[in-house]
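Asker: Below are the sequence and a predicted model; questions follow.
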Amino acid sequence: MAETIYGQRTDGVEEKLKLLRGVYAAGRLDLSLSLAASIADTLRCERQWQAGPVVAGPEPGGRVAELPAPWAAWAQGWSFYQVLEVAEEAGMDRPEEPVAVRLAFAEDQVQDLRREVRVARVEQGALREVKSQVDGETCKGGVRQCRLVFMAQVPAGGRVQYLVFYGNAWAELPAYPTDLQVRGEGYALQIENSHFRAQLSAQTGQLERLIYRRAQGLELFAGGEGHGEPPHIDWAHDYLADQKFQKFRVTNWGACPNWEVSRGPLCTKVRRWGFPHSPVHPLFTPSRMHIDVEYTFYAGQPFFFKEGSMEIVKDFAIDYLRDDEWVFSGYSFTDTVWMDREGRLHEGEVPAGHTDDLWGVGFFNRHSKDAFIALWLEHRATGFEGLHHTGVPQLNYQGHGQLWSRWAAHSGPEFKAGTVLKQHNAYLVSPYEGPGPVEEARQRFLSPLVVRAGQLPEGSAAQGSLARPGEAESGLKPALWAALRLVPDDMFYTVDANLVDMGYIYDLRVRGGVVEVLMTMPHRGRPCYRYLGEPLRRKLLSVPGVREVLVDFTWEPAWSLARMSAAGRAAMGVET
């Protein structure tokens, strides 16, 4: 049978499951392993098509040419815009607060969201660009989606309009300087801002060390050799099996079973998910409790977030589980704090009547003011009524150091399939100045800025330009992009799989006849980018006016199906 469409050129999950059942029944375990790995690859591909709910779009955007004349001139080079309204409803000034919103765009109005999207704040009738970041791209059914992060400034009780510009084929990747610096690959990262440096485990992605960027540079770590696994300061999540037989831990992962990272100038997210491992993995591999954990770090902020879920896949019983546990060696702190249900912070020991109703805990040093405080913003369960809010902080736990451990379920609970335990925590590293700032931070986190589609405000003035050099006028760029479309990925022999429509080109800029190109390759199995980079370079050198071509390469962000244009998908036979 001729293979003319995508579905004929690959095999889906159902087909592979059928094959797997057959070869497993025949005792072909090696082939079964290969099929299981292939199923995982297909599922990773299918995830890239998934879209989510959006705040604005994908209706056709407003046209920049129809904006007030000063605004249209300021945004010269861009064709479309959307309006967002950011509202403050808790009565607190928000001078520089990160917001994240998912937006949709008609595919025929934008080519590359990372290059093209810009955000501007309306200030007294004028536009001012604000730093932004695009990630989480998808493309399906003629609609492109992304997660947009930007720094919002809203007075207490106020509403501020922001314009999101897009539709500029000559736009270049924006470079916003911030204090957020990320080093490393995959999830083995060192994430740093002006307040702290976080080090994630190269083995598990778990938070391993935290170094403060003030005074003497306090370093929080957990010493020793754990339970055979590398020690971390974040020890969650785990559960003790029925009859106290063994513990299953995410810290037992030899490598993260599944993970994704988004990194940029404003925000870095590290998400990991899978089933926790036994001390003698893979002798025991129960697929009963699925664990999903995500860290979020922001530029300029003295805190980070952790969101987590523990989902029961099949009915089973355990002895107990823990969903937030932090261990610090070195005895850096002198005092403890805890927060009640109403959001009031208290110093000292937790009274007996509150030990199972804690909504924040932490430590501080009354001399240096160093502190590490957890705010448990959300802790709930669906399908389970026995959730505990424990976690009394201990200044001296023999053999470990200073710690808290939240036993969210204990005394032999029996779980039903579909039960989910969820949490959303904030961790503060600010110097401790009493309960007030901590309580205010909690209120701010529980009352985030509200982002919704907005109406175009009146405008009358503008200064400067949204465009950087080379973005408002085409110059050589039409000829350069046209030339790039003549460079194929020649591993496809019968279709036009050119570098542009396949989405391998991340950026193109030209200054004084020198062309700079940033490109990627579609996966780690093809790291030799010069195989395509050299033909690219030769083709661009043939364009009149080009003196030199510099080709650079990156794996960040990883190529995805959303990078392909409609023409690229058509070449692959893909319908979305």
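Answerer: Done, it's in. Numbering: from 1, shown residues only.
Asker: Going by residue numbers, what spans are strands in the stretch 201-350 of the chain?
Answerer: 207-212, 219-220, 238-241, 247-249, 258-263, 267-274, 289-298, 303-312, 316-322, 324-328, 335-339, 345-347 (DSSP state E, counting those that start in this stretch).
Asker: Please name every helix or strand in contact with the shortest one.
Answerer: The contact analysis (3 or more CB pairs under 8 Å, 6 or more residues apart in numbering; DSSP states H and E) places strand 219-220 against strand 207-212. C-beta: built from backbone N, CA, C; applies to glycine.
Asker: picking that back up, reformat the strands of the stretch 201-350 of the chain as a markdown table; add mean neighbour count and mean pLDDT.
Answerer: What follows is the strands of the stretch 201-350 of the chain, written out as a markdown table (neighbours: other CB atoms under 10 Å; pLDDT from 0 to 100):
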| stretch | mean neighbour count | mean pLDDT |
| --- | --- | --- |
| strand 207-212 | 20 | 98 |
| strand 219-220 | 20 | 98 |
| strand 238-241 | 21 | 97 |
| strand 247-249 | 23 | 98 |
| strand 258-263 | 18 | 97 |
| strand 267-274 | 21 | 99 |
| strand 289-298 | 21 | 99 |
| strand 303-312 | 20 | 98 |
| strand 316-322 | 19 | 97 |
| strand 324-328 | 23 | 98 |
| strand 335-339 | 22 | 99 |
| strand 345-347 | 17 | 99 |
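Asker: and residue 155, which of these is closest to it?
Answerer: Closest to residue 155 of these is strand 289-298 (CB to CB; 20.7 Å).
Asker: That closest one pairs with which strands?
Answerer: Partners of strand 289-298 in the sheet, by DSSP bridges, are strand 267-274 (antiparallel), strand 303-312 (antiparallel).
Asker: on that earlier part again, which one of the strands of the stretch 201-350 of the chain lies nearest to residue 449?
Answerer: strand 289-298 (13.5 Å).
Asker: What lies in contact with that closest one?
Answerer: Residues from elsewhere that reach strand 289-298 (CB atoms under 8 Å, 6 or more residues apart in numbering): 98, 180, 191, 193, 198, 200, 207, 236-237, 239, 248, 250, 266-276, 304-313, 316, 318, 321, 415.
Asker: Now distance to residue 535 too, for the strands paired with strand 289-298, in a markdown table please.
Answerer: Formatted as a markdown table, the strands paired with strand 289-298 follow (distance: least, CB to CB, whole Å):
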| stretch | distance to residue 535 |
| --- | --- |
| strand 267-274 | 34 |
| strand 303-312 | 44 |
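Asker: right, and those - which one's nearest residue 516?
Answerer: strand 267-274 (25.1 Å).
Asker: ok, and what's touching that closest one?
Answerer: 98, 100, 133, 135, 149, 180, 182, 187, 189, 191, 200, 204-205, 250, 253, 256-263, 290-299.
Asker: I'd like to know how many residues surround residue 437.
Answerer: Residue 437: 15 surrounding residues under other CB atoms under 10 Å.
Asker: Next, the contact list for residue 172, please.
Answerer: 115, 468, 470-471, 507-509.
Asker: Now it, what are its backbone angles?
Answerer: phi -120, psi 160 (degrees, to the nearest 10).
Asker: Quick check: the gap between it and residue 521.
Answerer: 21 Å (CB to CB, to the nearest Å).
Asker: And the helices in the stretch 301-450 of the chain?
Answerer: Secondary structure of the stretch 301-450 of the chain by DSSP state H, counting those that start in this stretch: the helices cover 435-446.
Asker: Give the bridge partners for residue 339, please.
Answerer: residue 345.
Asker: whoops, residue 363 was the one
Answerer: Listed beta-bridge partners, residue 363: residue 336, residue 372 (assigned using DSSP bridges).
Asker: Same question for residue 291.
Answerer: Beta-bridge pairing of residue 291 under DSSP bridges involves residue 274, residue 310.
Asker: Report the buried residues of the helix ranked longest in the chain.
Answerer: Across the chain, the longest stretch assigned as helix under DSSP state H is helix 29-47. Within helix 29-47, the residues that count as buried by 16 or more other CB atoms under 10 Å are 32, 35, 38-39.
Asker: got it, and stretch 451-462?
Answerer: For stretch 451-462, by 16+ other CB under 10 Å, it's 451, 454, 456, 459, 462.
Asker: What mean pLDDT does that stretch get?
Answerer: Here stretch 451-462 scores 89 as its mean pLDDT.
Asker: cool, stretch 61-74 as well?
Answerer: Stretch 61-74 shows a mean pLDDT of 94.
Asker: Now find how far off-centre that stretch is within its chain.
Answerer: 32 Å (CA atoms, centre = their mean, to the nearest Å).
Asker: buried sites along stretch 166-185?
Answerer: Neighbour-count burial for stretch 166-185, counted by 16+ other CB under 10 Å, picks out 166-172, 174, 176, 178, 180, 182.
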